[in-house]
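Asks: sharing a model prediction with you, sequence too.
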Amino acid sequence: MLVSRTTRPPADHPPHGARLLGAGRGPPPAPPPTAKECTLLISLLDATPQNAGAKAATLGRLATAGFPVPPGFVVPIASYESTVAHLDIPTVLAQRGPDEVRRLIESQAFPPQLLSELANALSSLGDLPVAVRSSATTEDTPHASAAGQHDTYLAIHGPAAVATKLLATWSSLWTTRAVRYRHTFAAAPGTDAPTPTTPATAVLIQRHIDADVAGVLFTASPGNSVHSASGQVSVIEASWGLGESVVQGSVTPDEYVASADGVLERRLGDKRTRIDRSPEGTTTTEVPAEARRRACLSDDQVVRLRKLGEDVAHYLGGPQDIEFAVEGDQFWLLQARPITAALATSPQKTLGQQIDDPSKGDAVERRGGAAESLVAAAGRSDLVLAGAAGLLLRGTGGSPGIATGPARVVNGPEDFAKVAVGDILICRYTDPAWTALFTVIAGVVTETGGRLSHAAIVARERRIPAVLGVPTILSSVQDGDLLTIDGSAGTVRAPRSSELSATRAHRFTARQRSKTCGGP
């Protein structure tokens, strides 16, 4: 039986969610449930990395401390392990592959006692729609985010529907993309990723948040260590509706850079679509033209979000990648994980590193379009990005580095087979099914998305350059066009002759990497 313990913010919690660490935290918590009571379901407040995975455990810590976390509960790792124990997954995986593992898990008879407890726990949440999300032992670690590798289901209503999605979430541990991701990071030096045959997952079930605005907050600037006079800056990307459009990069979101001094920068994205709850789950609709170029967050909301993120980072002991939702004037924390690649560097120097004055390098990163004049002001006119080479497109730099290679336009999974070692991936946006391509490509350019989207996060983990939100890239580039992309300056251009000689060496390096990590 699940012991009911609330995960709502205490009554004295500021309505905007800005956590004051010294503020009151409501009544003392109830005594912890016994081992017997925790067999099938546990309170979110009792989640630990050992019984519930890092994602649920972190949210449980934040909820216990009074941060605004949606109420919910956890189907712990032990429930997954007991349900699949008889399947001998390592043997099935070796002999018949991950698809068969998934089929076996999803065809399981759902445990009657677990279904009964699910119904009771959902009733305690008011029988409202819920989000069903994985919390695996292999995600949200300091070395690998596993961003989007396991399935999430939003706006699910009723015990039977939740039970079906619970089995699907368990089985998503064994998608081809998730298995390959684990292989990649287990093979990478200096990581502590588990071997591909040992993962397990809990499932986090929380009240679904009908977000008016949602997005991602990095409490430290990704790509390079930008500081203001008062300290480290935070980057917020947000768009209308649920946060999936920002995370997957299907829209180019608004981007805000803020510090203790206030809002330092604001760049409005072309937020063409939004995702919202529907009777069938979620639906995608067009955003009215006037709202596309209107800021989805006020300066006051940005300042409060930054402070909330700063408090979370302080409480958790390091920079955080935070997913948030805004419902009315209430902020909700949906996920917090360590930033895995905020300061990743490329084997080639970034533009900022090649300029002697670091402050000018920061300015190049922040102002993008002023790159040429800033480089010239630094006395290094030979680094000017535009010129006689021709094509020059601009977007948002999402992962540092410079790469030259042939463009490979990919419209969907049906085009994956044509991607070769050293290609520059050109696409609208990426999702977790595309992750394997990042082990062989030299860089990526997307039509939509921002610095905190799936493509940018995986590119930083793989240490390859990424340029996001280039509106005309698909109409401007054809398969095989030679391109040079700069993931710090956010530019895409035709290469200079001096860069072509480096392309062969880069493709050799990428080929060696693909032998180590496995190709798509």
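Replies: Received the coordinates, thanks.
Asks: run through the stretch 201-350 of the chain and note the low-pLDDT ranges.
Replies: 221-231, 341-350 (pLDDT under 70).
Asks: swap the cut-off to 50 and go again
Replies: By pLDDT under 50, the low-scoring segments of the stretch 201-350 of the chain are 223-227, 343-350.
Asks: could you pull out the strands for it?
Replies: Ranges of strands in the stretch 201-350 of the chain, per DSSP state E, counting those that start in this stretch, are 201-207, 213-218, 227-228, 231-232, 234-240, 254-259, 262-267, 273-278, 281-286, 320-327, 330-338.
Asks: any chance of those strands in TSV with distance to Leu40 and mean neighbour count as columns?
Replies: For the C-beta atoms, the positions are set from N, CA and C on the backbone; glycine is no exception. Shown next, in TSV, are the strands of the stretch 201-350 of the chain (distance: least, CB to CB, whole Å; neighbours: other CB atoms under 10 Å):
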stretch	distance to Leu40	mean neighbour count
strand 201-207	12	26
strand 213-218	31	26
strand 227-228	48	15
strand 231-232	42	13
strand 234-240	37	27
strand 254-259	42	23
strand 262-267	46	15
strand 273-278	28	18
strand 281-286	25	13
strand 320-327	27	22
strand 330-338	24	22
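Asks: JSON lines for the ones you listed, including distance to Thr64?
Replies: Output for those, formatted as JSON lines (distance: least, CB to CB, whole Å):
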{"stretch": "strand 201-207", "distance to Thr64": "15"}
{"stretch": "strand 213-218", "distance to Thr64": "21"}
{"stretch": "strand 227-228", "distance to Thr64": "32"}
{"stretch": "strand 231-232", "distance to Thr64": "26"}
{"stretch": "strand 234-240", "distance to Thr64": "24"}
{"stretch": "strand 254-259", "distance to Thr64": "27"}
{"stretch": "strand 262-267", "distance to Thr64": "31"}
{"stretch": "strand 273-278", "distance to Thr64": "28"}
{"stretch": "strand 281-286", "distance to Thr64": "30"}
{"stretch": "strand 320-327", "distance to Thr64": "17"}
{"stretch": "strand 330-338", "distance to Thr64": "13"}
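Asks: for those strands, which one sits closest to Thr448?
Replies: If you check each of the strands of the stretch 201-350 of the chain against Thr448 by CB to CB, strand 273-278 wins as the nearest, at 9.4 Å.
Asks: how far does the closest one sit from the chain's center?
Replies: For strand 273-278, the distance from its own C-alpha centre to the chain's C-alpha centre is 19 Å (CA atoms, centre = their mean, to the nearest Å).
Asks: residues near Pro71, how many?
Replies: Neighbourhood size, Pro71 [other CB atoms under 10 Å]: 21.
Asks: now do Gly269
Replies: Counted with other CB under 10 Å, residues neighbouring Gly269 total 23.
Asks: count of neighbours near the residue nearest to it when sequence neighbours are not counted?
Replies: Counting by CB to CB, 6 or more residues apart in numbering, Thr252 is the residue found nearest to Gly269 once chain neighbours are left out, at 3.8 Å. The number of residues packed near Thr252 is 30, by other CB under 10 Å.
Asks: may I have the phi/psi pair for Thr252?
Replies: phi -90, psi 110 (degrees, to the nearest 10).
Asks: ok, it to Val179 distance?
Replies: Separation of Thr252 from Val179 (CB to CB, to the nearest Å): 31 Å.
Asks: that older thread, so the residue nearest to Gly269 touches Leu268, yeah?
Replies: No: with contact defined as CB atoms under 8 Å, Thr252 does not reach Leu268; the gap is 9.2 Å.
Asks: hang on, the earlier thing: OK, contacts around the residue nearest to Gly269?
Replies: 269-271, 396, 448-450, 468-469, 471 (CB atoms under 8 Å, 6 or more residues apart in numbering).
Asks: one more: Asp254?
Replies: Going by CB under 8 Å, 6+ apart, Asp254 touches 237-239, 266-269, 271, 295-297.
Asks: so where's the stretch 1-150 of the chain shaky on pLDDT?
Replies: Applying pLDDT under 50 to the stretch 1-150 of the chain flags residues 3-38, 140, 143-144.
Asks: the strands in it, which residues?
Replies: With DSSP E, counting those that start in this stretch, the ranges of strands along the stretch 1-150 of the chain come out as 42-43, 72-75, 130-136.
Asks: what's the burial count for Ile402?
Replies: For Ile402, the count of nearby residues is 26 (other CB under 10 Å).
Asks: do me a favour and average the pLDDT over stretch 400-410.
Replies: In this model, stretch 400-410 has a mean pLDDT of 95.
Asks: I figured Ser43 hits Phe73, correct?
Replies: Yes: the criterion here is CB under 8 Å, and Ser43 meets it with Phe73 at 5.9 Å.
Asks: tell me which of these two has more neighbours.
Replies: More crowded of Ser43 and Phe73, by other CB under 10 Å: Phe73, with 30 against 26.
Asks: and the closest residue to the more buried one other than its chain neighbours, how many neighbours?
Replies: Among residues not flanking Phe73 along the chain, Ala121 sits closest, at 5.0 Å (CB to CB, 6+ apart). Applying other CB under 10 Å, we find 24 other residues in the vicinity of Ala121.
Asks: just the ones of the contacts of Thr252 in strands?
Replies: 396, 468 (DSSP state E).
Asks: just the buried subset of the contacts of Thr252, please.
Replies: Buried members of those, scored by 16 or more other CB atoms under 10 Å, are 269, 271, 396, 448-450, 468-469.
Asks: ok, these vs Trp434, which is closest?
Replies: After measuring the buried ones among the contacts of Thr252 against Trp434 - CB to CB - the closest member comes out as Gly449, at 12.0 Å.
Asks: which residues touch the closest one?
Replies: Per CB under 8 Å, 6+ apart, neighbours of Gly449: 248-253, 398, 429, 455-456, 468-469.
Asks: and the contacts of Thr252, which is closest to Lys307?
Replies: Gly450 (21.5 Å).
Asks: got the phi/psi numbers for that closest one?
Replies: With angles defined as degrees, to the nearest 10, Gly450 sits at phi -140, psi -170.
Asks: how about it, nearest residue that isn't a chain neighbour?
Replies: Glu237 (4.5 Å).
Asks: quick check, that neighbour in contact with Ser245.
Replies: No: counting by CB under 8 Å, Glu237 stays clear of Ser245, with 10.4 Å between them.
Asks: any residues in contact with both of the two?
Replies: Common neighbours of Glu237 and Ser245, using CB under 8 Å, 6+ apart, are Pro253.
Asks: pull out the buried residues from stretch 109-120.
Replies: Within stretch 109-120, the residues scored as buried using 16+ other CB under 10 Å are 114, 117-118.
Asks: which members of these occur in helices, if any?
Replies: Taking DSSP state H, the ones among those that sit in helices are 114, 117-118.
Asks: average pLDDT for the helix or strand where Arg460 lies?
Replies: Arg460 belongs to helix 454-462 when assigned by DSSP states H and E. When pLDDT is averaged over helix 454-462, the result is 91.
Asks: now that helix against strand 213-218, angle please.
Replies: For helix 454-462 against strand 213-218, the angle by axes from the mean of the first three to the mean of the last three CA atoms, to 10 degrees is 10 degrees.
Asks: which neighbouring elements make contact with helix 454-462?
Replies: The elements that helix 454-462 packs onto, with contact taken as 3 or more CB pairs under 8 Å, 6 or more residues apart in numbering; DSSP states H and E, are strand 396-399, strand 443-446, strand 466-468.
Asks: and it, how far out from the chain middle?
Replies: In terms of CA atoms, centre = their mean, the centre of helix 454-462 is found 9 Å from the chain centre.
Asks: mind listing what's buried in it?
Replies: Going by neighbour count (16+ other CB under 10 Å), the buried part of helix 454-462 is 454-462.
Asks: can you report how many residues lie near Asp210?
Replies: For Asp210, the count of nearby residues is 15 (other CB under 10 Å).
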